[in-house]
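Novice: A predicted structure for the sequence below; I have some questions about it.
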Amino acid sequence: MTGHNTNRQPLPYGPAEAGLFDEEIVREVVQFIGDDTYRRLLGEFTQALPQKLDTLEALVRNPDSHGDAPMRVAHQLKGAAQALGLPRLAHSMSTIASLRDPASNPDAISLALADLREAIGLLLRCPSQTDPGDAA
Amino acid sequence: MTESRSILFVEDDPTLRGVISAALRNKGHTVFERDSAEEALNSMERVVSPALIILDVDLPGTNGIDLCKRWVAMQQKTAPILFLTASDDVATLAACMAAGGDDFTIKSSPISQILERVGYWLERRGRMLSDKRRQAILDQVEEFAVVKAEAQEQDKSFQTMVSALGAGLRLSFSTLPDQFGSTIAEKLYLLGYVTGAASKAANDRLDLKIRFLDFLRACLLETQTLSRSDAARMVANLGQLYSVRSFRQAMSAGARFWNDAILGGGVPESLADLRSRLSGLDDE
């Protein structure tokens, strides 16, 4: 390991966002990549999420013209969420990715998208999104 | 300790690529990141002899499997290829191996296990799978598909099933009557230990799951054929997992399952009795 300060509190979120994170995974990832790198990757992922979610929603609302694109986008986002220890996001992405015919499951899609928007809203308010230093 | 090596890492998702690359760099390795098959093809000559290629299956455009095939066809596959895949779909895993891949690991695995696979291949210093070994793994992937389907049909997760076997076998060590002798009891204990360790590994390491199934079948059919050296080797490879909390939890669940499923009929009266009860769990 290269100089990670594992003694300080490494969790980049407050109590309000705790339900979004798998603490065990986050701690393991932080152990391997360091607190700063984790925060940076989490920040980049989170900041890009609203636009990606808009893209995903457009794809699932018009699946016929995009082939398996919705599933591919959801699948990729699920992998990224898992890598960062975000099981709630990963689960909702997995729901979308598993629907072979999104148009025939509008309720499931709507629920998953609504949950994603709520989760992303919480993520964007994470301490690490505003001032990485304060959360440590 | 794995010495520093160059790794070509082809993955289109920047987050996943960032996490794994950062972890590899923190271990002292040099990582060349590429986000598409086309970029990877164009950059092979600029990457000085990578010791390992980590290749995402689901790349946009040319996917990882086709990229691997192209490298093989062009005789440019100069390093082992570890496929990174989003699911353990058997058809995909078989395609990875058939294309010329050397190994595969699941993206959702804990990062420690992904790094462990990388470390394994780096330790091999560029030595790739033989065609014979690759074919053997392909055969086992097919067999695993059957076993997995049967386990799902019985509504038992593979981990629960294997945990139960492990817990039960180790319990047998302490409960088998004396007439079985210490040798068989010792072997059962070792087998049980290995089984339990494999239950955790099997959750994330399909290759271990496949190897283990073969091993377990052989041992259960003829327990006396398990040599001490075989058992010791398995324990050496897998025993370290005993320190993992989730593994111990799985073992506890397995022990409870075993108590209900096997010991509900009392302590086995003989090895044949034990095998008979186990056959209700395994596909033998």
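Specialist: Okay, I see it. Predicted model, so just to flag it, every value in this text is computed and none were measured.

Novice: From here on, just use CA atoms for contacts and neighbour counts.
Specialist: OK.

Novice: Look at the one residue sitting closest to the centre of chain A and give its secondary structure.
Specialist: Compute the mean C-alpha point of chain A, and by CA atoms, centre = their mean the closest residue is A:A81, 4.1 Å away. In three-state terms, and counting by DSSP: H, G, I helix; E, B strand; the rest coil, A:A81 is helix.

Novice: ok, now which ones touch it?
Specialist: A:P87, A:L89, A:A90 (CA atoms under 8 Å, 6 or more residues apart in numbering or on different chains).

Novice: For it, give its distance to A:L53.
Specialist: Distance, A:A81 to A:L53, by CA to CA, to the nearest Å: 13 Å.

Novice: got a pLDDT number for the residue nearest to the centre of chain A?
Specialist: Note for A:A81: predicted pLDDT of 93.

Novice: For A:L59, see how far away it is.
Specialist: In terms of CA to CA, A:A81 sits 20 Å off from A:L59.

Novice: residues near residue 109, how many?
Specialist: In the absence of a named chain, chain A is used. 21 (other CA atoms under 10 Å in any protein chain shown).

Novice: other chain: chain B
Specialist: Based on other CA under 10 Å, the number of other residues close to B:S109 is 16.

Novice: mind checking the SS state of it?
Specialist: Taking three-state DSSP, the label given to B:S109 is coil.

Novice: Now it. Its backbone dihedrals?
Specialist: In terms of degrees, to the nearest 10, the main-chain angles of B:S109 are phi -60, psi 150.

Novice: From A:M71, how far off is it?
Specialist: B:S109 is 21 Å from A:M71, by CA to CA.

Novice: for A:T46, same thing?
Specialist: Note on A:T46: its distance to A:M71, by CA to CA, is 20 Å.

Novice: can I assume B:P60 sits in a strand?
Specialist: No - counting by three-state DSSP, B:P60 falls outside a strand, being coil.

Novice: Am I right that it is in contact with B:E38?
Specialist: No - applying CA atoms under 8 Å, one finds B:P60 not in contact with B:E38, separated by 9.7 Å.

Novice: State the paired neighbours of the host helix or strand of B:F9 in the sheet, together with their directions.
Specialist: According to DSSP states H and E, B:F9 maps onto strand B:6-10. Strands that pair with strand B:6-10, judged by DSSP bridges, come out as strand B:30-34 (parallel), strand B:52-56 (parallel).

Novice: Pick the most deeply packed of those strands.
Specialist: Greatest average neighbour count among the strands paired with strand B:6-10 goes to strand B:52-56 (a mean of 26), per mean count of other CA atoms under 10 Å in any protein chain shown.

Novice: low pLDDT regions in chain B?
Specialist: Where chain B drops to pLDDT under 70, the residues are B:1-4, B:44-48, B:88, B:140-284.

Novice: Let me see the contact set for B:N63.
Specialist: By CA under 8 Å, 6+ apart, the residues touching B:N63 are B:A37, B:D56, B:V57.
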